[in-house]
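Visitor: can you look at this prediction? I've put the sequence above it.
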Amino acid sequence: MVQGSAGYGVGGHNEPVPQQGDPQGIIRSGDVAVRIEGELVPVVDVELGGQETIYFEHHVLLWKEPQVNVGLKKLKGGVKRIFAGLQIFVTQAAGPGNISFSRDAPGQIVALQLQPGEVIHVREHQFLLATDGVAYDFFRVKGIANILFGGTGFFIDSFTNQGGAGLLLLHGYGNVFTKTLAPGESIDVEPGAFLWKDASVQMGTNVTNLSTGLFGGSSFTLNRFTGPGRLGIQSMTYHEPVNSAGTKN
């Protein structure tokens, strides 16, 4: 077997690195303790100490102890979110007590401890939970939006640690790989495989035309990511369903 000494290929050192299972042991952030449990469809089990709160999308709650209080947390940029067709509230949980979360799909959990001021960009609707000091915003990626969703928009969630506990948990479909890009280094990724990236990583569109001579041709679109920074890739290339009006369900 011939192994590559540089670049991509079997044995090369530049390939994205697979995450070896879900994060192990207890993850602590402030007085929040998290353990990842299960195998095929992992569960994020959280013990709230009573000081830090967490927030999450409504449908990912699996179970909780009765004393854990849940309520609505208003998100920044409410009017902008309404016009974009995005949610303007998430659910907030306050302890002390136990609460657990899961998405109804096989995959792996990504646990990110954000430093103060650190910004992470995440594919829409793939975050599980964050501690309350992590600000949740979004932005629209132009160009890619028109290609993928008929002009309705491609939105990316943006999370910033504003101080204190900076825990962010994501669900990746299938297996999760991480690519660390050097300054100026690029990689092309199928649009549905993008999971998360450092804010320093630039994202663009690369269209490849496939010509068949007299019979015309077709094309396929990849997202091009350019470093420096980390890029998370998921092996199940998930695409949200689009209805007949061209909008995401």
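Guide: Good, I have the coordinates.

Visitor: for this structure, name the helix or strand with the lowest mean pLDDT.
Guide: Taking mean pLDDT, DSSP states H and E as the measure, helix 144-149 is the helix or strand of the chain with the lowest mean score, a mean of 46.

Visitor: centroid-nearest residue for this protein?
Guide: Val122 (3.6 Å; C-alpha atoms, centre = their mean).

Visitor: pairing partners for it in the sheet, please.
Guide: When assigned by DSSP bridges, Val122 has beta-bridge partners Asp157, Trp196.

Visitor: isn't it up against Trp196?
Guide: Yes: Val122 lies in contact with Trp196 (C-beta atoms under 8 Å); the separation is 4.6 Å. Where you see a C-beta, it was placed from the backbone N, CA and C, and this is true even at glycine.

Visitor: which neighbours do those two share?
Guide: Common contacts of Val122 and Trp196, defined by C-beta atoms under 8 Å, 6 or more residues apart in numbering, comprise Leu170.

Visitor: report how many residues lie close to Ser100.
Guide: Residues near Ser100, counting by other C-beta atoms under 10 Å, number 19.

Visitor: which secondary structure element contains it?
Guide: strand 97-101 (DSSP states H and E).

Visitor: list the buried residues for that strand?
Guide: By neighbour count on 16 or more other C-beta atoms under 10 Å, the buried set for strand 97-101 is Gly97, Ile99, Ser100, Phe101.

Visitor: need these in a markdown table with pLDDT and distance to Gln19, can you?
Guide: Below are the buried residues of strand 97-101 laid out as a markdown table (pLDDT from 0 to 100; distance: C-beta to C-beta, whole Å):
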| residue | pLDDT | distance to Gln19 |
| --- | --- | --- |
| Gly97 | 97 | 29 |
| Ile99 | 97 | 24 |
| Ser100 | 97 | 21 |
| Phe101 | 96 | 19 |
